[in-house]
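Colleague: just the structure for this:
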Amino acid sequence: MKTFTLHTMESAPEGSKTLYETSLKNFGMIPNLHAVLGEDPATLEAYQRLHDLFQQTAFDAAELTVVWQTINVEHDCAYCVPAHSMIADMMKVDPAVDQALRNQTKMPTDKLQVLHETTLSILRNRGHLTTEELEKFYTAGYEQKHILGILLGLSQKVISNYTNHIAKTPVDDMFKAFV
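Modeller: Have a look, this model is predicted:
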């Protein structure tokens with residue numbers, strides 16, 4: 001069976017090399033996920049761009065973590081769960097948030113719990129939310145733009161989680177402390 005290549009700056013297609021510069025700037029290395037995605041520069045660019053755009057939504061660092069990790073855990077992504085635990089740590093997110101998501105226990109605040117439940121429902125029900133779910137979301141203090149933000153985060157996570165499942169992307173050393 002053919003395995004996916006973990007591209008380096010030298011082996012990557014020409015279109016991925018500039019994108020790897022961004023990876024090096026952001027992480028000090030080319031994470032293995034990016035090394036795999038580099039096979040197709042358009043997919044790597046889409047992933048990086050979605051990541052940047054998701055961070056520009058109305059969510060704060062804890063809320064970004066809730067959306068990312070809810071999806072990562074639900075998709076059982078052995079690569080992204082530790083990677084986003086490290087990212088949450090770098091973003092100074094309360095470790096209780098990440099631990100609740102990883103352990104599938106109640107979130108530290110009711111508002112984050114509603115975000116988690118809404119994200120799960122969108123994921124599990126393929127975008128179909130009940131009127132009651134939407135009302136609960138809005139009553140918690142979220143707005144329509146936050147629903148759209150969840151969809152943006154989900155788009156990013158589908159690329160990474162599914163890629164990691166198919167490619168069996170090895171966890172980078174820098175993320176292993178968060179496994």
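Colleague: gap between the longest helix seen in the chain and the chain center?
Modeller: In the chain, ranked by residue count with DSSP state H as the criterion, the top helix is helix 144-167. Offset of helix 144-167 from its chain centre (Cα atoms, centre = their mean, to the nearest Å): 6 Å.
Colleague: repeat that for stretch 71-79.
Modeller: Stretch 71-79 sits 9 Å away from the centroid of its parent chain (Cα atoms, centre = their mean).
Colleague: contacts only, for Ser85.
Modeller: Ser85 makes contact with 69, 98, 102, 175, 178, according to Cβ atoms under 8 Å, 6 or more residues apart in numbering. Backbone N, C-alpha and C define where each C-beta goes, glycine included.
Colleague: tell me the contacts of Glu10?
Modeller: Under the criterion of Cβ under 8 Å, 6+ apart, Glu10 has no neighbours.
Colleague: where's it relative to Gln104, distance?
Modeller: Between Glu10 and Gln104 the distance is 41 Å, computed by Cβ to Cβ, to the nearest Å.
Colleague: got it, and Lys168?
Modeller: Using Cβ to Cβ, Lys168 is found at 24 Å from Gln104.
Colleague: now could you export just the CA positions of stretch 68-79 as PDB?
Modeller: Only the C-alpha atoms of stretch 68-79 are listed here, as PDB (Å, rounded to 0.1, in the frame of the first residue of the first chain):
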ATOM      1  CA  TRP A  68     -11.800  22.800  17.500                       C
ATOM      2  CA  GLN A  69     -11.600  20.200  20.200                       C
ATOM      3  CA  THR A  70     -15.300  19.300  20.100                       C
ATOM      4  CA  ILE A  71     -14.800  18.400  16.500                       C
ATOM      5  CA  ASN A  72     -11.400  16.700  17.000                       C
ATOM      6  CA  VAL A  73     -12.700  14.500  19.800                       C
ATOM      7  CA  GLU A  74     -15.900  13.600  18.000                       C
ATOM      8  CA  HIS A  75     -13.900  12.700  14.900                       C
ATOM      9  CA  ASP A  76     -11.400  10.800  17.100                       C
ATOM     10  CA  CYS A  77      -8.400  12.500  15.600                       C
ATOM     11  CA  ALA A  78      -5.300  11.200  17.300                       C
ATOM     12  CA  TYR A  79      -3.200  14.000  15.700                       C
END
